[in-house]
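Engineer: Build me a structure from this.
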Amino acid sequence: MLRKQVQNGLRAMNTKHTKYLDDAVRSSFADSLNLDAALQRRHPTDHRWDYLLGHAPSRSAIGLEPHSAKQDEVSTVIAKRCAALRHLRGHMRPGARVAAWLWVASGKVYFADTGKERRRLDQNGVTFVGTKVLEKHLQALRQGGR
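Structural biologist: Residues are numbered from 1 along each chain as shown. Sure, this is the predicted structure:
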């Protein structure tokens, strides 16, 4: 079901969301899936992560969630990742995984990216990248990290 909705490059992304990817990294994505739209019919009331992107240099899948960056949204973003893991379980081949779950601020950042919120995100496998995904956020993937 999901494979049919994968598109080349960043075509699956809402055009207003591509601005959250730095110009220097956009071409490194071979394909994309609007996971939110793909799962909406089957899981209309669940939290849904927005995108899965195929990072060509590392041959890794990356989850990208443009979402408001407020302290009270940390739990929502974590819930979206947990739901995505459940939803993807039957769609990925054995051993496949999403190498990084990146949360990018869809506006101004209204919380301190330190302390308790940072620990909660780290414990739940989500990386807050600020207002744009930069090369440094993808570097660990190229080095086989994460």
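Engineer: separation between Val98 and Tyr110?
Structural biologist: 26 Å (Cβ to Cβ, to the nearest Å). For glycine as for every other residue, the C-beta is placed from the backbone atoms N, C-alpha and C.
Engineer: Just want to know which of the two has more residues nearby.
Structural biologist: Neighbours were tallied for Val98 and for Tyr110 using other Cβ atoms under 10 Å; the higher tally belongs to Val98 (20 against 12).
Engineer: any chance you could map the helices in this structure?
Structural biologist: Assigned by DSSP state H, the helices in the chain fall at 23-26, 35-40, 74-88, 115-123, 135-142.
Engineer: Quick check: which helices or strands does the longest strand along the chain pack against?
Structural biologist: Longest strand of the chain, by residue count under DSSP state E: strand 98-110. Applying 3 or more Cβ pairs under 8 Å, 6 or more residues apart in numbering; DSSP states H and E, one finds that strand 98-110 makes contact with strand 60-70, helix 74-88, strand 126-130, helix 135-142.
Engineer: quick one: which of these is nearest Gln7?
Structural biologist: strand 60-70 (14.2 Å; Cβ to Cβ).
Engineer: Would you pull up how far that closest one lies from the middle of the chain?
Structural biologist: Distance of strand 60-70 from its chain centroid, counting by Cα atoms, centre = their mean, to the nearest Å, is 4 Å.
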